[in-house]
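*Asks:* Have a look; sequence and predicted model below, questions after that.
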Amino acid sequence: MNKVKSIIAAIALMTVAMPIAAQHTASGYFTDGYLYRHEMNPAIANEQSYVAMPGISNLNVAMRSNIGVKDVLFNRNGKTTTFLNPNVSASEFLSSINDNNKVNADIKVTLLGAGFKGFNGYNHISINARANVGVNIPGSLLRLAKEGVENKTYDISDFRAHADAYTEIALGHSHKLNDQWSVGATLKVLLGGANVDAEFNKAELSLEDNAWNAITNGEIQASVKGLTYKQETKMRGADENHPHTYVNDVDVKNTGLNGFGLGLDLGAVFTLNEYWKFSAALLDLGFISWNNNMVASTNGDRTFTTDTYLFNVDKDANNKFSREMDNLKEGVSALYELQDMGDKGSRSTGLASTLNIGAEFTLPAYDKLTFGLLNTTRMNSKYSWTDFRLSANWRTSKIFSMGTNFAVGTYGASFGWILNLHPNGFNCFLAMDHTLGKLAKQGVPLSGNAHVNFGMNFPF
């Protein structure tokens, strides 16, 4: 197995196994007593004021992906192995692989927060730690990893990853214009921490029985205070008599604030009559301007030739299957030898905006029961996704409400629910947008999707 396969296997395994947190719980959008509906639509006002419990007022732990652990790990002879094992057939592995294999996450932890009535409406303030993560692995890359030299050429593009982290200071207001219309807005001041964009746009591979040729084009832009690239010089491949200096690691010292930006949420709610209510919101309109941009690049198209890619079935060989992970770093260097291009100065990136559109129907014969349809769309051309969720929501009493829902979208189908206890002076909720299914031994969902949301707050 060649070193490219090591890269792909490691990325696939790390991607589907990483625990991440989600920004909002869609299961609570139509649920009475759920205090964080204003984060999904700033026009929605709570009935009570509240103070958030720092750190656990709205805690989410989730995975969202269209490729799961079960798609890359297999059981053979009672042992867990990766899809690269020769005992896993290509047809078995490739049957569950998509043209684009995606993982997206939106991380949000409320450090401080409160909501209160005033200024002829409802207001909320919060300080949040946020991060956005996106990974896209083209299916052609995974097909190459499994098929090897069975096909002579591969044209791989659109292999990318994105991550940023920042602090958000938010101030929102919901205002009732009349009996039918409510509008709201949230202004956000953003303090940038770090941003990384990796774009591997081209990999044209021509494979032969004993060698392969590659034309690659890739670039990493990293806006992280105190980051520098480490470099290494080696003789390699067809140019073994000529040294290549390339990035092989990073060093980060004295990291801290590294950018500034602004964001805006807008929302509206329209009540048609006592039975029908419609709503829409556009979240995270804005940007962050980063102070520095450390670039590592192939500096245009790079051509590379090697004959050291073959996997050896001999268990004593240096390139045996069990040593693939040990060769990961070397394999990355061989495929993409990125040059340190230095600090290119400041740059601006847009926020990943989200559109929520909802419709709610109250049962005429029993007004404690409502039905809702919510469409959530992440509007990011590189890491976009959408979700349609149909829910039934029941307010059983003044102190307890609940809801169940079914969703279909980019990441498949899911069943969700929420339980919300809200007596005077205390609010506690537990929800899942994607109910946990069967877990691997390590506790990771085999499907690659999960969402658990818990929170405690103090209404007054």
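*Replies:* That came in fine, so what should we check first?

*Asks:* Okay, now the unreliable bits of the stretch 201-350 of the chain?
*Replies:* 207-212, 235-242, 306-336 (pLDDT under 70).

*Asks:* oh, I was asking about the stretch 1-150 of the chain
*Replies:* Where the stretch 1-150 of the chain drops into low confidence, which here means pLDDT under 70, it does so at 1-23, 148-150.

*Asks:* Show me where it has its helices.
*Replies:* For the stretch 1-150 of the chain, the helices identified by DSSP state H, counting those that start in this stretch occupy 3-17, 69-72, 90-94, 139-147, in order along the chain.

*Asks:* Which strands and helices lie in contact with the last one?
*Replies:* Using 3 or more C-beta pairs under 8 Å, 6 or more residues apart in numbering; DSSP states H and E as the contact criterion, the elements in contact with helix 139-147 are helix 3-17, helix 90-94, strand 100-118, strand 153-156. (Each C-beta comes from the backbone N, C-alpha and C, glycine too.)

*Asks:* What residues of it count as buried?
*Replies:* Residues of helix 139-147 classed as buried: 140-146 (neighbour count, 16 or more other C-beta atoms under 10 Å).

*Asks:* would JSON lines of the residues you listed with distance to Thr245 be doable?
*Replies:* Putting the buried residues of helix 139-147 into JSON lines (distance: C-beta to C-beta, whole Å) gives the following:
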{"residue": "Ser140", "distance to Thr245": "30"}
{"residue": "Leu141", "distance to Thr245": "26"}
{"residue": "Leu142", "distance to Thr245": "31"}
{"residue": "Arg143", "distance to Thr245": "32"}
{"residue": "Leu144", "distance to Thr245": "27"}
{"residue": "Ala145", "distance to Thr245": "28"}
{"residue": "Lys146", "distance to Thr245": "33"}
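
*Asks:* ok, of those, which one's closest to Phe200?
*Replies:* Taking C-beta to C-beta as the measure, Leu141 is the one of the buried residues of helix 139-147 closest to Phe200, at 9.2 Å.

*Asks:* my guess is that closest one contacts Ile156, does it?
*Replies:* Yes: Leu141 sits in contact with Ile156 when judged by C-beta atoms under 8 Å, with a separation of 5.2 Å.

*Asks:* Any chance you could list residues touching both of those two?
*Replies:* With contacts taken as C-beta atoms under 8 Å, 6 or more residues apart in numbering, the residues that reach both Leu141 and Ile156 are Ala203.

*Asks:* in the stretch 151-300 of the chain, which spans are strands?
*Replies:* Ranges of strands in the stretch 151-300 of the chain, per DSSP state E, counting those that start in this stretch, are 153-156, 159-176, 181-207, 212-224, 227-236, 239-252, 259-271, 276-290, 294-297.

*Asks:* closest one to Ala431 among these?
*Replies:* For Ala431, the closest of the strands of the stretch 151-300 of the chain is strand 276-290, at 18.9 Å, according to C-beta to C-beta.

*Asks:* Just the angle for the closest one relative to strand 181-207, thanks.
*Replies:* For strand 276-290 against strand 181-207, the angle between stretch directions is 60 degrees (axes from the mean of the first three to the mean of the last three C-alpha atoms, to 10 degrees).

*Asks:* What helices and strands are in contact with strand 276-290?
*Replies:* Counting by 3+ C-beta pairs under 8 Å, 6+ apart, the packing neighbours recorded for strand 276-290 are strand 181-207, strand 259-271, strand 347-350, strand 353-362.

*Asks:* and the ones you listed as CSV, adding mean neighbour count?
*Replies:* Converted to CSV, the helices and strands packed on strand 276-290 look like this (neighbours: other C-beta atoms under 10 Å):
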stretch, mean neighbour count
strand 181-207, 19
strand 259-271, 19
strand 347-350, 14
strand 353-362, 18
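
*Asks:* of those, which approaches Leu171 most closely?
*Replies:* Comparing the helices and strands packed on strand 276-290 against Leu171 with C-beta to C-beta, the closest turns out to be strand 181-207 (5.4 Å).

*Asks:* Just send the helices and strands packed on strand 276-290 back as a markdown table, with distance to Ser297 too.
*Replies:* Compiled in a markdown table, the helices and strands packed on strand 276-290 are given as follows (distance: least, C-beta to C-beta, whole Å):
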| stretch | distance to Ser297 |
| --- | --- |
| strand 181-207 | 10 |
| strand 259-271 | 21 |
| strand 347-350 | 14 |
| strand 353-362 | 28 |
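
*Asks:* and of these, who's closest to Asp249?
*Replies:* Go through these one by one with C-beta to C-beta and the one that ends up closest to Asp249 is strand 181-207, at 14.4 Å.

*Asks:* who does that closest one pair up with?
*Replies:* With DSSP bridges as the test, strand 181-207 is paired with strand 153-156 (antiparallel), strand 159-176 (antiparallel), strand 212-224 (antiparallel), strand 259-271 (antiparallel).

*Asks:* Dump these to CSV, plus distance to Phe200.
*Replies:* Written out in CSV, the entries for the strands paired with strand 181-207 read as follows (distance: least, C-beta to C-beta, whole Å):
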stretch, distance to Phe200
strand 153-156, 8
strand 159-176, 4
strand 212-224, 4
strand 259-271, 24
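
*Asks:* I'd like to know which of these lies nearest to Gln231.
*Replies:* Proximity of those to Gln231 was assessed by C-beta to C-beta; the nearest stretch is strand 212-224, lying at 13.5 Å.

*Asks:* Hey, what's the angle from the closest one to strand 227-236? Just curious.
*Replies:* Direction vectors for strand 212-224 and strand 227-236, defined by the same axes, to 10 degrees, enclose an angle of 160 degrees.

*Asks:* buried residues in strand 212-224?
*Replies:* Of all the residues in strand 212-224, those buried under the rule 16+ other C-beta under 10 Å are 212-214, 216-224.

*Asks:* Repeat that for stretch 56-71.
*Replies:* Applying a neighbour-count criterion of 16+ other C-beta under 10 Å, the buried positions in stretch 56-71 are 57-60, 62-71.

*Asks:* do the same with stretch 385-405
*Replies:* Under the neighbour-count criterion of 16+ other C-beta under 10 Å, stretch 385-405 has 385, 387, 389, 391-395, 401-403, 405 buried.

*Asks:* Perfect, I'm done here.
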